[in-house]
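A.B. asks: quick one, fold the following:
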Amino acid sequence: MHFFPKLSFTIRHYTTLRKLPKLRKIPIKRRSQAILQAQQALIEYLHSTRSIPFTHAENITKNSLVSLSDLISKVDFSPQTFSRTFPRFLRYHPINEFEFFFESIGIPCSEIEGFLRPNEFFLSENANILNLACVLCGLGFPWNQLGKLYRVENSIFLECPDGVSARIDRIMGLGFDKVSAVGVCLVFPFVLSGRGEVRGEIDELLGVLKRVFVDCGGRSLVEGNVDAWCVVCRKVKFFYDLGCEKEALVELISSRLSVLVEIREEVLAKKFEFFSGMSASKEDIGLVLLRWPEILGYDLETPMFSVEGFFTSIGLSEKKLDSISRVFPFVLGKNKLENLPYLLRAIDLHEWFFEKIMNGDHHLLANVDNSSIDEEVAKGFEKSLEQIRLMKNQYHMMGKLNFLLGIGFGENLVTIKALSYLHGSRAELQERFDSLLNVGIKYSNLCKIVKLWPKVLNQKPDILEEKVSYLQNDLGCSLQDLDVFPGFLCFDLENRIKPRCEFHLWLSEKGLVRRHYSIASMIATSEKKFIARLYRIHPAAPKQWLEYFSSRANR
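C.D. replies: All right, here's what the predicted structure looks like:
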């Protein structure tokens with residue numbers, strides 16, 4: 001039985017070696033041997049030649065496999081001679097020790113170059129970095145996690161070692177043991193910083209952590225190792241960073257610490273993302289999750305629900321339901337619960353519903369109704385879905401359908417109709433949709449636009465943004481004008497919108513236009529009717545249009 005841990009390590013080590021691209025020239029069965037021999041040679045080099053303490057030379061070497069594999073690839077490999085040729089290579093080709101050091105403390109290799117200094121090659125040239133790493137390691141910090149400190153607060157590695165030790169002692173003086181103090185520092189690196197301007201913030205944070213883990217006995221719920229403390233501290237940081245009022249935060253976390261310890265970090269992130277879809281503030285989402293921890297156990301992704309049944313269960317009146325059916329028919333039918341926040345935004349009920357959740361009606365999310373379905377609508381949608389599944393490009397079509405469902409459309413024939421006009425992948429459609437949100441179009445209004453003019457989303461984001469900019473800045477209109485004429489976004493800006501609008505402006509400046517024409521009447525009118533109108537304004541206007549303004553003349 002005692003051989004199992006060693007076997008497990010060998011398997012993990014073997015898997016890691018297979019993923020190192022620089023070792024492809026070495027047979028797989030020889031890679032482990034090559035790495036071991038190279039590690040032994042590098043430890044000896046760092047310790048004997050570079051005067052780095054043996055323990056730290058070993059830490060640097062064993063935690064920098066990518067840099068080491070790059071070094072190995074520069075030496076011709078032979079099973080019989082490698083143990084001699086690699087040490088000889090090191091003697092005549094000094095390495096950049098900072099590359100190995102930064103990788104060994106846990107900084108991703110893709111980021112290391114940003115931390116390297118052009119005039120520093122050996123660790124002895126900036127000895128304080130290694131000295132601080134040695135001190136922190138002696139205080140209980142895992143060597144391969146020191147990068148968490150360096151990436152966020154590299155000023156710590158410029159500090160006096162005694163000053164850093166004193167800050168650790170201060171944390172322990174609040175009632176934390178060494179392991180929990182290390183966990184706190186790894187998750188909140190700024191508590192080790194000597195910067196005076198963050199002193200108040202440090203005191204506030206340590207006060208919160210003391211009340212949660214020390215005064216309320218929370219330490220007993222956490223396993224006595226650094227990794228376990230990092231996990232639970234990251235969960236506290238999750239809520240701390242949301243900006244919740246500190247007194248309420250301490251009170252809620254303290255009374256529900258067991259739930260916080262047991263719940264997985266990815267669950268917290270997914271629940272936060274769900275309520276973010278309702279445009280709720282970060283602070284309010286944090287308070288909801290702490291005030292009603294039952295929500296953390298709800299499946300808010302996979303259940304299907306009836307939109308009509310859900311509206312009834314949350315207390316909407318018959319009059320309100322009829323209004324939604326008339327104004328927002330595209331949301332009806334079935335949908336996944338993960339799309340509920342966007343469905344509510346599509347009908348402007350997201351703020352009202354989140355308020356109900358905050359007031360304790362979170363049970364509305366626990367058992368959603370899936371029975372109140374219009375059978376005719378469901379049958380029509382399923383028939384269309386079957387046809388999609390028979391298409392050669394079914395995956396592409398399903399991607400577009402999932403986009404529509406994801407922004408709040410339901411499983412109904414209105415959605416199928418809109419789907420037939422859309423071009424592009426799900427990601428492209430989402431990018432175009434988001435670009436229109438970012439220029440200020442209200443979510444519910446944008447969903448109506450997509451329902452009426454799906455082709456709007458067949459254009460690139462920069463084109464859409466340029467059209468909105470022209471509408472607001474050049475024509476002096478507001479985004480509300482798109483509610484009346486959403487088709488504005490479908491016409492060509494250079495060959496249709498600009499020429500016609502600028503010609504009308506020119507006619508107005510000449511005093512020839514005696515009535516107001518809407519943007520829709522200027523742009524959506526056919527060329528024949530547009531020219532006929534110009535003739536009524538002035539007999540010479542069509543000639544001016546064709547010679548100087550029309551897109552035909554420009555071409």
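
A.B. asks: quick check: next helix or strand after the longest helix that the chain contains?
C.D. replies: Secondary structure of the chain per DSSP state H: the longest helix is helix 28-44. Sequence-wise, the next helix or strand downstream of helix 28-44 (DSSP states H and E) is helix 54-62.

A.B. asks: what helices and strands are in contact with that next one?
C.D. replies: When contacts are defined as 3 or more C-beta pairs under 8 Å, 6 or more residues apart in numbering; DSSP states H and E, helix 54-62 packs onto helix 28-44, helix 97-104, helix 127-138. Glycine gets a C-beta too; all of them are placed from N, C-alpha and C.

A.B. asks: quick one, which of the ones you listed is nearest to residue 274?
C.D. replies: Evaluated over the helices and strands packed on helix 54-62, closeness to residue 274 peaks at helix 97-104, with 37.0 Å, by C-beta to C-beta.

A.B. asks: quick check: mean pLDDT across the longest helix of the chain?
C.D. replies: The average pLDDT within helix 28-44 is 89.

A.B. asks: returning to what we had before: make JSON lines out of the helices and strands packed on helix 54-62 and add mean neighbour count.
C.D. replies: Listed next are the helices and strands packed on helix 54-62 as JSON lines, based on neighbours: other C-beta atoms under 10 Å:
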{"stretch": "helix 28-44", "mean neighbour count": "17"}
{"stretch": "helix 97-104", "mean neighbour count": "23"}
{"stretch": "helix 127-138", "mean neighbour count": "17"}
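
A.B. asks: let's have those helices in CSV, adding distance to residue 375.
C.D. replies: Compiled in CSV, the helices and strands packed on helix 54-62 are given as follows (distance: least, C-beta to C-beta, whole Å):
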stretch, distance to residue 375
helix 28-44, 60
helix 97-104, 62
helix 127-138, 67
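
A.B. asks: of those, which is nearest residue 528?
C.D. replies: helix 97-104 (70.2 Å).

A.B. asks: verify the stated contact: residue 41 with residue 91.
C.D. replies: No - with contact defined as C-beta atoms under 8 Å, residue 41 does not reach residue 91; the gap is 9.9 Å.

A.B. asks: tell me if residue 290 really is in a helix.
C.D. replies: Yes - counting by DSSP: H, G, I helix; E, B strand; the rest coil, residue 290 is found in a helix.

A.B. asks: got the contact list for residue 144?
C.D. replies: Shown in contact with residue 144 (C-beta atoms under 8 Å, 6 or more residues apart in numbering): 59, 63, 104, 105, 106.

A.B. asks: so which of those wins on neighbours?
C.D. replies: With neighbours defined as other C-beta atoms under 10 Å, the most crowded of these is residue 105; it has 27 neighbours.

A.B. asks: show the contacting residues for that one.
C.D. replies: Per C-beta under 8 Å, 6+ apart, neighbours of residue 105: 63, 133, 143, 144, 145, 146, 147, 150.

A.B. asks: among those residues, which are located in strands?
C.D. replies: Of those, none are assigned to strands by DSSP state E.

A.B. asks: shaky segments in the stretch 251-400 of the chain?
C.D. replies: 370-374 (pLDDT under 70).

A.B. asks: which residues in it form strands?
C.D. replies: 304-306, 334-336 (DSSP state E, counting those that start in this stretch).

A.B. asks: quick check: buried residues in the first one?
C.D. replies: Which is strand 304-306. By neighbour count on 16 or more other C-beta atoms under 10 Å, the buried set for strand 304-306 is 305, 306.

A.B. asks: so which elements touch that strand?
C.D. replies: Applying 3+ C-beta pairs under 8 Å, 6+ apart, one finds that strand 304-306 contacts strand 334-336.

A.B. asks: adjacent strands (with direction) for the strand it packs on?
C.D. replies: Counting by DSSP bridges, the strands paired with strand 334-336 are strand 304-306 (antiparallel).

A.B. asks: good, we can wrap up now.
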